[in-house]
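Student: this one's structure only:
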């Protein structure tokens, strides 16, 4: 299914952009991609600021020119526009549980890894927090953030001892957030899945080989 009337502004190396690309791939929806070169700072230029004043990716632009930022908002729009292969749940209970687990994956895992890299990377010296304002790095946060990520993996392993997927018995948006978090932790802060976390490893081997994971 192709949605040529939409445009997704994204960064190739952006984990938030990857969350949306995987979501689209799982739903079988092809949206034209417009690359924003984060390394060159294109997100700070006037052209992109006109699309998203917060200077972050991704941004989905729909037919009437409306810009939708923030990953969950983009995913919600896509889910409602293209309801086949639901990833946000079907019943009220499913929707609530998936939203709960996705929020936990984002707050306890994704945010921790992002905090670690943004307070460490030389290229983000004055961009420790994404958004319209510049903030100095706090190096002391790096170790705490790494500890949070380690605890996140251990907690997720415990969860996956009782469920096939993060939110239950079906793949959902919560699995996408968790997968991107773990891959980004390995790449950005050299934190691998500990070998003793067998349930997490079982889950990771399954979801990381899905076709959508390469999006």
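Tutor: Yep, it's here. Computed from a predicted structure; not experimentally measured.

Student: Residue 201: helix or strand, and which one exactly?
Tutor: Assigned by DSSP states H and E, residue 201 belongs to helix 198-207.

Student: meant to ask about residue 34, not that
Tutor: strand 33-35.

Student: how does this structure divide into domains?
Tutor: As assigned by automatic domain parsing, the chain contains the domains 7-81, 92-214.

Student: What mean pLDDT does the last one get?
Tutor: This points to domain 92-214. For domain 92-214, the mean per-residue pLDDT is 96.

Student: Now do stretch 67-86: everything it contacts.
Tutor: For stretch 67-86, the external contacting residues (C-beta atoms under 8 Å, 6 or more residues apart in numbering) are 1, 3, 8, 16, 19-20, 23-24, 26-29, 51-52, 54, 56, 58-62, 87-88, 102, 173. The C-beta positions use only the backbone N, C-alpha and C, and glycine is treated the same way.

Student: Which ones among those residues map onto helices?
Tutor: By the criterion of DSSP state H, membership of the contacts of stretch 67-86 in helices covers 16, 19, 20, 23, 24, 26, 27, 102, 173.

Student: List the buried residues for stretch 73-88?
Tutor: 74, 75, 78, 79, 82, 86, 87, 88 (16 or more other C-beta atoms under 10 Å).

Student: what would those look like in a markdown table with pLDDT?
Tutor: Listed next are the buried residues of stretch 73-88 as a markdown table, based on pLDDT from 0 to 100:
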| residue | pLDDT |
| --- | --- |
| 74 | 98 |
| 75 | 98 |
| 78 | 98 |
| 79 | 98 |
| 82 | 96 |
| 86 | 98 |
| 87 | 98 |
| 88 | 98 |
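
Student: burial of residue 68, as a residue count?
Tutor: For residue 68, the neighbour count with other C-beta atoms under 10 Å is 18.

Student: got it, and residue 177?
Tutor: Counted with other C-beta under 10 Å, the neighbours of residue 177 add up to 28.

Student: Looking at the chain, which helix is longest?
Tutor: Longest helix in the chain, counting by DSSP H: helix 141-160.
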